[in-house]
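Peer 1: coordinates for the following, if possible.
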Amino acid sequence: MLSHHLLLALRNLRRRTFFSVVNITGLGVGLATCWLIGLYVWHEKSFDRFFPHADRICAIALDLKMGEDEGRTTNTPPPLGPRLAADFPEIELAARTFYLQESNVRLEKPGQAPLSFAETGAYAADTSFLELFDFPMLEGDPATALDHSRNLVLSEKAAQKYFGKNSAIGQTLLINDRPFTVSGVVKRLPAASTVQFDFLVPMADFKVVERFSWSWIWLQVDTWVRLREAPTPASLAALEAKFPAMVHKHAPAAFERIGQNFEEQLRRGDRWNVQLLPLPTLHLDHPNLASRLTTLGDGAQVMMFGIIGLLILILASMNFMNLTTARASTRAREVGVRKALGSDRGTLVGQFLTESMLYSGLGMVLATVLAGASLPLFNQLTGLEMGISQLFAWQNLGLAAGLTVLTGLLGGLYPAFFLSKFQSGKVLKTNVGSIKGGHAGIRNGLVMFQFSATIALMLCSWMVLRQLEFAQKNSPGLNREHVLVLPVLRNLENPKEVESFRQHISQLPEVSTVSRATFLPSLGSFGDFYEPEQGEQNRAVTSNLLLSSYLGDTRLVPALGLDIIAGRNFQDDTGLGDSCSVILNEAAVRAIGWENPPGNWLRYPGHQNQRFQVVGIMRDFHLGSVRTAIEPAAIFHHSSNTYKVYASYLAVRMQPGTEKTCIEKTGKLWAAAIPNAPFQYDFLDESFARMYRSEAKMGAVLSVFTGLALFIGCLGLFALAVFTAEQRTKEIGVRKVLGASSVTLLRMLLLQLSRPVLIAVPIAWVIGWWAMARWLEGFSVRI
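Peer 2: I've put the predicted structure just below:
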């Protein structure tokens, strides 16, 4: 019976070549799209589940509220991890990591030029880190690999990069000019791992963490724990309920050390809660989580992509359904004859479903070709690194088979039951003209749904791209264009060398000005609490204020194009006049409540109650993404030395149109000043643009999928138009004989086809505007 059904399906396919090609093309595009998106969703959902003890590993997060600032973060203080391991028997292991930012890694070989790279995957880690995650090791013992000072653990990728096929154990690498000996090599981690690194060094080798071992305010390490037993929601909640007692016991002394009363702040409504985030949920299930973990995903975005993929598959199935039911009159006599010869309805349903499955199977063959050909573009859009072999892995082939069956059923069930219900007597006695229009309402409804979805996608894609463009270009108060950024701290630790390098660059004719600063907008800041002093004329409304701050020189304001709207810039670069001066932004002034801020004073409890006089007010600008509101910020003169970082960056404002020449000349100056490090540079506007990678990916994917949805919809509409014209050939002939013009006939056909599309437009606008209004709520500044 199946072979008979298949033979008939093949005959029908060959007999109606045009409609067969349309159906197979639409189904192929829909299946390829849904298949690729399904792989992306599966990849995102599978994060971290390969770890042997994934169900027992948790990231530590803080739920904080400090004054007006609140949120959740995986950035934690140094003493928290050791405290958790010591105080709670439910915790088997705890480990911390400290990101070393971009580091200069160099391999020196006698008689050869050094092999040197700027690496972004370097971390300091506790000795228990490798054991906690149970990383698979190619070389070395995870229990002891980080036990000794100047040990170094490499990833498989880093080991191959520097040592090729030779064993890396015992070899020496210089990290920021400090020698480390390789003691272990970790097997290449899957892409679906939240924890990614290339270089691990002992935490004890970086004294900055030890220097803040007392602080519960310095949130610069990531903390991980492994529980003794796999937790349930109830057991996690019970363990978290014990943490406040630990915090109340140890945190107040740290706050008191900087002049803060921890208990008083909690009574005023502040929060300082420790939370456990299970590793399998970390990647997608915690939106708005501030973190240095760059591998965190967006659960809402993954869900949206999945819905779009399924929607495109439904649109393709609707094309098949629409064309099949529209051709009911041409199949009705076939059904009548077969019923008269004894075929029952079940047999006919089986016949039509077999035909649908054949189309779906051929569509999947085309989808396989399309998916393989578009895999590089798909990887570029999503950031994955999937090869052809992964596309045809057994679990992915299972997905493809499931999609084929689903599509066959989606597209074939309604036509099968609709066509099989025709009565043989009625069909054979009439011309079945009534059948032609009996379900026109359903066909119009399907077309309306198709174009409602497609136009809504077009609107969403346009809005995302507009918001992305707005976020990247809208920067009042800050001129991001033509600013070259040079990271120099890790290469030049001597302040005199930094200043000499700065002066050489400033003498280039392509350069307007060069400033040195500890941080720059989009590249971090130093956050701490400051106390506004109460003046007789200017009463502050807050007793302490969290400020994001930079240490800079007198050239920082012109280098960044900042707008001083009251007061003045720093005047004396020696620091003799401005070492106790500060420039605040408008957000800081609003938070303090001063009416006339210049001349007022701030006190910094974290640095011996040092006092700073406000000399200027700068216009507000975003320090980072426009997803967050503009935060209170300040620029202190570099000579104030309020924290121990010197000249992390040079900001070089270039003359417009001279960027290429300026970079070439700056590279030569770098080679002369820092011969052992590769030339490293960035652009301020590109640094800001990287903050919107997620939105850029969303916009690109939406644009591509919108185009595919539009293609499928138009393909189906075109096929319906051709069929309608064929079906109404006699009617058109009669109308022409009666004097109808070609324009009149064209208008008649266009009106019939365009009516559902025109109805779809307002529906799509309502859906699209609602969806985008919800999405734009995540931005503090929006179009």
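Peer 1: return the helix or strand in the chain with minimum mean pLDDT.
Peer 2: helix 433-438 (a mean of 46; mean pLDDT, DSSP states H and E).
Peer 1: what about the following helix or strand past that helix, distance to the chain center?
Peer 2: Using DSSP states H and E, the next helix or strand after helix 433-438 towards the C-terminus is helix 440-473. Here helix 440-473 is found 22 Å from its chain centre; the criterion is CA atoms, centre = their mean, to the nearest Å.
Peer 1: low-scoring pLDDT stretches of the stretch 201-350 of the chain, where are they?
Peer 2: 294, 325-346 (pLDDT under 70).
Peer 1: how about the helices in the stretch 501-650 of the chain?
Peer 2: For the stretch 501-650 of the chain, the helices defined by DSSP state H, counting those that start in this stretch cover 556-560, 586-592.
Peer 1: okay, the ones you listed in CSV with mean pLDDT, mean neighbour count and distance to residue 168 next?
Peer 2: Where C-beta positions appear, they are placed from N, C-alpha and C, glycine not excepted. What follows is these, written out as CSV (pLDDT from 0 to 100; neighbours: other CB atoms under 10 Å; distance: least, CB to CB, whole Å):
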stretch, mean pLDDT, mean neighbour count, distance to residue 168
helix 556-560, 95, 22, 42
helix 586-592, 91, 21, 49
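Peer 1: got these as CSV, with distance to residue 525 columns?
Peer 2: Formatted as CSV, the helices of the stretch 501-650 of the chain follow (distance: least, CB to CB, whole Å):
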stretch, distance to residue 525
helix 556-560, 13
helix 586-592, 13
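Peer 1: so which of the ones you listed is nearest residue 77?
Peer 2: helix 586-592 (23.9 Å; CB to CB).
Peer 1: who are the packing partners of the closest one?
Peer 2: In terms of contacts (3 or more CB pairs under 8 Å, 6 or more residues apart in numbering; DSSP states H and E), helix 586-592 is packed against strand 545-552, strand 610-618, strand 633-637.
Peer 1: pull up the pairing partners for the second one, direction included.
Peer 2: Strand pairing for strand 610-618, using DSSP bridges, gives strand 564-567 (antiparallel), strand 581-585 (parallel), strand 601-604 (antiparallel).
Peer 1: go ahead and name everything in contact with that strand.
Peer 2: 477, 530, 533, 557, 562-570, 578, 580-586, 589, 597-604, 635-636, 640, 642 (CB atoms under 8 Å, 6 or more residues apart in numbering).
Peer 1: what's the answer for stretch 22-30, then?
Peer 2: Here stretch 22-30 has contacts from 312-313, 315-317, 319-320, 323, 359-360, 362-367, 369-370, 407, 411, 708, 711-712, 715-716, 718-719, using CB under 8 Å, 6+ apart.
Peer 1: show the buried residues in those.
Peer 2: When the contacts of stretch 22-30 are checked for burial by 16 or more other CB atoms under 10 Å, the buried set is 312-313, 315-317, 319-320, 323, 359-360, 362-364, 366-367, 370, 407, 411, 708, 711-712, 715-716, 719.
Peer 1: those residues in helices, which ones?
Peer 2: 312-313, 315-317, 319-320, 323, 359-360, 362-364, 366-367, 370, 407, 411, 708, 711-712, 715-716, 719 (DSSP state H).
Peer 1: show me the contacts for the residue nearest to residue 501 when sequence neighbours are not counted.
Peer 2: Nearest residue to residue 501, sequence neighbours excluded (CB to CB, 6 or more residues apart in numbering): residue 673, at 4.7 Å. Residues near residue 673 by CB under 8 Å, 6+ apart: 492, 497, 500, 501, 504.
Peer 1: nearest residue to the third one in space, please, no chain neighbours.
Peer 2: Counting by CB to CB, 6+ apart, residue 500 lies nearest to residue 673, which is 7.5 Å off, once chain neighbours are set aside.
Peer 1: how about the last one?
Peer 2: Computed as CB to CB, 6+ apart, the closest residue to residue 504 that is not its neighbour in sequence is residue 669, at 5.2 Å.
Peer 1: follow-up on the earlier one: check the residue nearest to residue 501 and give its pLDDT.
Peer 2: If you check residue 673, the pLDDT there is 89.
Peer 1: if I look at it, how far off is residue 495?
Peer 2: Per CB to CB, to the nearest Å, residue 673 is found 14 Å from residue 495.
Peer 1: spatially nearest residue to the residue nearest in space to the middle of the chain, not counting backbone neighbours?
Peer 2: Taking CA atoms, centre = their mean, the centroid of the chain lies closest to residue 694, which sits 3.3 Å from it. Spatial nearest neighbour of residue 694, excluding adjacent residues (CB to CB, 6+ apart): residue 298 at 5.8 Å.
Peer 1: residue 666 and residue 675, how far apart?
Peer 2: Distance from residue 666 to residue 675, by CB to CB: 15 Å.
Peer 1: neighbour count winner among those two?
Peer 2: Under the neighbour definition other CB atoms under 10 Å, residue 666 and residue 675 were set side by side, and residue 666 has more, 24 against 9.
Peer 1: so who does that one touch?
Peer 2: Going by CB under 8 Å, 6+ apart, residue 666 touches 484, 486, 505, 508, 652, 679, 681.
Peer 1: ok, the second one to residue 709 distance?
Peer 2: What it means is residue 486. Residue 486 is 45 Å from residue 709, by CB to CB.
Peer 1: what's the answer for residue 194, then?
Peer 2: 33 Å.
Peer 1: tell me which of the two has more neighbours.
Peer 2: Using other CB under 10 Å as the criterion, residue 194 and residue 709 rank with residue 709 on top: 26 against 20.
Peer 1: per-residue confidence averaged over stretch 58-71?
Peer 2: 87.
Peer 1: test my guess that residue 506 contacts residue 500.
Peer 2: No: using CB atoms under 8 Å, residue 506 makes no contact with residue 500, being 10.8 Å away.
Peer 1: higher neighbour count, these two?
Peer 2: Ranked by neighbour count (other CB under 10 Å), residue 506 and residue 500 place residue 506 first, with 15 against 12.
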